[in-house]
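>>> Sequence and predicted model, in that order:
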Amino acid sequence: MKLMDISEVAKHSGVPASTLRYYEEQGLITSIGRRGLRRLFGPEILQQLSLIALGQTAGFSLDEIAGMFGANGEPNLSRAELHAKADELDRTVQRLSALSDGLRHAADCPAPTHMECPTFRRLLDIAARRKATGHRTAP
């Protein structure tokens with residue numbers, strides 16, 4: 001088992017040392033010792049950092065990601081949480097697709113001005129309602 005110090009982990013993972021220290025403070029990763037003042041990590045750290053990156057890309061919070069690791073640092077993923085996040089992402093994709101379609105229509109609308117385009121007016125109404133209720137502005 002080859003131990004890596006924090007600078008080696010940063011180099012191999014592309015994650016800055018400051019972020020590694022923050023992840024350790026948050027309990028996402030654990031160093032297994034020190035070489036002088038430098039933290040040491042086992043080779044599994046690279047897989048853990050990959051899981052953290054994937055979780056962040058999928059929109060999981062750091063607290064949610066921390067729950068994806070078992071006591072030994074191995075991934076322990078909840079299939080139900082993964083399904084729920086996938087469903088949430090599907091809804092986001094649908095909203096963004098509808099917004100994209102509406103913007104394309106407004107850009108190509110033959111109405112003399114955008115304000116005379118019924119689709120553009122509908123987008124404005126949806127955005128205003130979502131803003132008033134605290135939702136994202138995508139339909």
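Structure's in. What do you need?
>>> make it CA atoms for all contacts and neighbour counts henceforth
OK.
>>> how about the chain, which residue sits the furthest from its center?
Using Cα atoms, centre = their mean, the residue of the chain lying farthest from its centre is P112. It sits 40.7 Å away.
>>> Relative to H105, how far out is that residue?
Noted for P112: a distance of 13 Å to H105, by Cα to Cα, to the nearest Å.
>>> and if you look at R35?
Counting by Cα to Cα - R35 and H105 are separated by 61 Å.
>>> Please say which of these two ends up with more neighbours.
H105 (14 against 11; other Cα atoms under 10 Å).
>>> these two touch, right, that one and C117?
No: between H105 and C117 there is no contact under Cα atoms under 8 Å: 9.1 Å.
>>> I'd like the next helix or strand past the longest helix along the chain.
In the chain, with assignment by DSSP state H, the single longest helix is helix 79-108. As assigned by DSSP states H and E, the chain's next helix or strand after helix 79-108 is helix 118-133.
>>> Could you name the helices and strands sitting against that following helix?
helix 79-108 (3 or more Cα pairs under 8 Å, 6 or more residues apart in numbering; DSSP states H and E).
>>> Can you list the buried residues in the helix it packs on?
Using 16 or more other Cα atoms under 10 Å as the test for burial, helix 79-108 gives K85, R95, L99, G102, A106.
>>> what's near enough to touch the fourth one?
If you count contacts by Cα atoms under 8 Å, 6 or more residues apart in numbering, G102 has them with T119, F120, L123.
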